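In: Need coordinates for the below:
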Amino acid sequence: MFLPQTVPTTGRDPDHHVAAPGILGRLGGVMVTRRRWVFGVWLIALVALGSAAPSVFTSLAGAGWQANGSESVQVRELAQQHFGGNSSAAVQVVVHSDTASIDDPSMQQTLTEVTAVFDGDARFGDIVQPAPGMTISPDGHTGILIAGADASTDDMVKAVDDVKAELTALSGDGIEVYPTGSSALWSDFNKANHDAMIQAELFSWPLTLAIMVLAFGSLVAAGLPLLLTVAGLVASAGGLVLLNQVTPISVWAMNFAMMFALALGIDYALFIVSRFRDALRNADPRAAVAETMDTAGKAVLLSGLTVLVSLSAVLLVPAPAVRTMAVGIMLAVTFVLIATMTLLPATLGALGPKVNAASLPYAKRQQHRSPKFAAWGELLHKHPWPFALVSVGILIALALPVLGLKVAMPSIAVVPEDAPVRQGYELVQAHFGDGAPGALQIVVPTSDAAATATVAGSVDGITMVTPPQPAADGSNYALLQALPAVDPSDESMGTILGDLRAQLPETALVGGAPAENLDLQQALNDYLPLVIGIILVLGFVLLLVALQAPLIAILGTAVSLLSTAAAFGVAKPIFQDGHGASLLGFTPQGFLDGWGPVFFFAMIFAIAMDYTVFLLATAKEHYEKTGDPKTAQVDGLAHSGRVIFAAAAVMVAVFFTFALSDPLPPKEMGIILGVAVLLDAFLIRLILLPVLLRLTGHAAWWSPAWLRKVLPSISFSH
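Out: Okay, the predicted model is just below:
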């Protein structure tokens, strides 16, 4: 039998007179008292970091999609070092004419002009002109000029950014010129992705403000979350530019940082501002801030730490782009968290009762304890099992398709049809074969080159192997190109690569763009269980420290898996099977982008735990005050339900705006995260978790004496 544990009285004496505030309460009071200093420091920080922010999209790295230490990365480095840069990062320029052949003077003049574009740029290595039997099509109307890579993959993407307009401008008089290859792919894709993210952000801000006004009923209060978000965005953008001087940071890091700064900034401000407005009814602004930071501020801090811990697990994946995306979000969350702990309390203290200025009529009747959510909590308390079974049943039904989910690295379909790289890619396929855009590269010691060429030519799925090319620097290496019979994104490419590596001499290394994608996918698959395990363990530990209750910490962590699985289950029929593709405006690839499971799991879990902390911290606050599990469940929902509902509405709106973008990855992200938040907030945080509190009663909050001695003392009551 579980008995109510002794209720701590931190923050109140036995007669419920207000006692000295805790650490965060005192910090909030200092922010109010010293608000001019706070505003001054933030102004200086934002000016300093903001001066670097405008260059964030032009200075950040464009590549990094590789598995560090893999065989394919070794091949690329060897090709760059010993073969004039003729690696997977080299730029391939497709020159095509329906009427003129490559040896026509007009085509030769165009090739000369293409060569001139690369001349004098140290980032490009040797220029290889189109050669019969290799880079000139059988009909003679298409040629591929190769500009070697003499810089890092990130710099090569920037190099393509710099020259692609000049190259495509050479098209005319029946001649088409398109840069293609891996570097050009990331150049065009990053631009399309960036444009889509900016468009989605601009669309989501007015929608967000409208939801904020409805949630708060006050224009002033509704503007505070956006103030917090802007501060976090500017600071994180400038921080990423500075961090990029130390180590390359993917441009995707800023895209995700923008999204998370908006979503979490609004979450945190909602929780703080709504609590402050309630506390202001019975206290002066400074005392109201202190009470707010002692309760809601503590929950926000623990929520932020949970988000940071969840994303830190992604840093284990040996892929620079994936790691730096996590770094970008973590930086944005850190700045938003710092702003929530310092700038927001100072602003609230300065505003005082004016926080309710420009209120809508209904806002004056609004209470922090929502009667509607209190009634909902009472309903869940009376009939827990039907609600539990229905919510779990829906989540399991939605999650079942995840068992058939396939993942792979993005295909050419992720870039718009009018992108130069895609037009060049399709020309290469049309005139050289399906596998031509994804030639595999083999680097082998010269002594084994002939045997390697013979064996490679006999491997199923390889249509042609070029003669061994000796190293340009005279070293003891030879380079061969093996042309597969299938598109680089075809499922059988993995089998072809595996057969090559298994049958070639041990001294031979196989790489090329398709191999780099497959090696990265393998690394993502290998690290996925480890990342999930670490996130779950660290999430549980943080909940345990925050709530001091093992059972509800386990349940709070476990139910987060349901919404995550359901979100990926919904993604399978949409993105893999193509249901609704015409409505959403995309061409299905037959799989989900490979980095999705690792990265989206961390993001979804972080957001889910965000709501978990808000709900359970509020419930624990009322349990500490009363020792009554029913009061904890009902009042916890009554005091946090409106905030969770409004925050979820904002997040869903923000994420679903990304579903309107043209490029496929932002669309995947928007739908998967939007569905996850929708399911998590409404089926789990507002139904299942309160029901679990009802069913477990006192046991939810029970903790053995030895554990209470080990854990730091954390109280949410004031």
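
In: And the pLDDT for the residue most central in space within the chain?
Out: Among the residues of the chain, Phe256 comes closest to the average C-alpha position under CA atoms, centre = their mean, at 5.1 Å. We note a pLDDT of 81 for Phe256 in this prediction.

In: Now do the same contact list for it.
Out: Contact partners of Phe256, counting by CB atoms under 8 Å, 6 or more residues apart in numbering, are Met325, Gly328, Ile329, Ala332, Met603. For every residue, glycine as well, the C-beta is placed using N, CA and C.

In: so which strand or helix has the closest residue to the last one other than its chain neighbours?
Out: Using CB to CB, 6 or more residues apart in numbering and skipping residues adjacent in sequence, the residue nearest Met603 is Leu673, 6.3 Å away. Assignment of secondary structure by DSSP states H and E places Leu673 within helix 664-679.

In: Give the next helix or strand downstream of that helix.
Out: Helix 664-679 is succeeded, C-terminally, by helix 689-696 (DSSP H and E).

In: Would you mind checking the average pLDDT for whichever helix or strand comes after that following helix?
Out: Going down the chain from helix 689-696, the next helix or strand is helix 705-710, by DSSP H and E. Helix 705-710 shows an average pLDDT of 91 in the prediction.

In: now helix 705-710, how far from the chain's geometric center?
Out: Relative to its chain's centre, helix 705-710 lies at 37 Å (CA atoms, centre = their mean, to the nearest Å).

In: Next: stretch 416-428.
Out: On CA atoms, centre = their mean, the centre of stretch 416-428 falls 27 Å from that of its chain.

In: Sketch out the helices for the stretch 101-250 of the chain, chain order is fine.
Out: Using DSSP state H, counting those that start in this stretch, the helices of the stretch 101-250 of the chain run over 105-118, 153-168, 182-216, 219-244.

In: rewinding a little: what about the residue nearest to Met603, how many neighbours?
Out: 24 (other CB atoms under 10 Å).

In: Quick check: which element contains the residue nearest to the centre of the chain?
Out: helix 251-279.

In: when you compare where that helix runs with where helix 182-216 runs, what's the angle?
Out: Going by axes from the mean of the first three to the mean of the last three CA atoms, to 10 degrees, helix 251-279 is angled at 10 degrees with respect to helix 182-216.

In: give the contact list for Val300.
Out: Tyr268, Phe271, Ile272, Leu337, Thr340, Met341 are the contacts of Val300 under CB under 8 Å, 6+ apart.

In: Could you check the pLDDT of it?
Out: On the pLDDT scale, Val300 gets 92.

In: Which helix or which strand is home to it?
Out: helix 285-312.

In: ok now that helix, how far from the chain's centre?
Out: On CA atoms, centre = their mean, the centre of helix 285-312 falls 23 Å from that of its chain.

In: sec struct for Leu528, please.
Out: helix (DSSP: H, G, I helix; E, B strand; the rest coil).

In: Now do the contacts for it.
Out: Pro597, Val598, Phe601.

In: Show the buried residues in these.
Out: Pro597, Val598, Phe601 (16 or more other CB atoms under 10 Å).

In: Give the helix, strand or coil label for the first one.
Out: This means Pro597. helix.

In: Below-threshold pLDDT in the stretch 401-550 of the chain: ranges please.
Out: Nowhere does the stretch 401-550 of the chain drop to pLDDT under 70.

In: quick one, helices of it?
Out: Counting by DSSP H, counting those that start in this stretch, the helices of the stretch 401-550 of the chain are 420-432, 449-458, 493-503, 513-547, 550-571.

In: Mind putting these into TSV with distance to His381?
Out: TSV is the format used below for these (distance: least, CB to CB, whole Å):
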stretch	distance to His381
helix 420-432	57
helix 449-458	69
helix 493-503	53
helix 513-547	20
helix 550-571	16
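
In: Looking at those helices, which is nearest to Val486?
Out: Closest to Val486 of the helices of the stretch 401-550 of the chain is helix 493-503 (CB to CB; 5.9 Å).

In: Give me the distance from that closest one to the chain's centre.
Out: 31 Å.

In: for it, which positions count as buried?
Out: So for helix 493-503, counting by 16+ other CB under 10 Å, buried means Met493, Gly494, Ile496, Leu497, Asp499, Leu500, Arg501.

In: can you list the weak-confidence ranges in this structure?
Out: Checking the chain against pLDDT under 70 turns up 1-19, 361-368, 718.

In: Next, work out how far apart Leu46 and Met330 are.
Out: 19 Å (CB to CB, to the nearest Å).

In: Ala565 too?
Out: For Ala565, the distance to Met330 - CB to CB - is 24 Å.

In: that older thread, more neighbours: which of Leu46 and Met330?
Out: Taking neighbours as other CB under 10 Å, Leu46 and Met330 compare with Met330 leading, 23 against 19.

In: so the more buried one sits in a helix?
Out: Yes: under three-state DSSP, Met330 falls within a helix.

In: Tell me which residues touch the residue nearest to Phe682 when sequence neighbours are not counted, please.
Out: With CB to CB, 6+ apart as the criterion, Phe682 has its nearest non-adjacent residue at 6.9 Å, and that residue is Ala648. Going by CB under 8 Å, 6+ apart, Ala648 touches Tyr611, Val677, Leu678, Asp680, Ala681, Phe682, Arg685.
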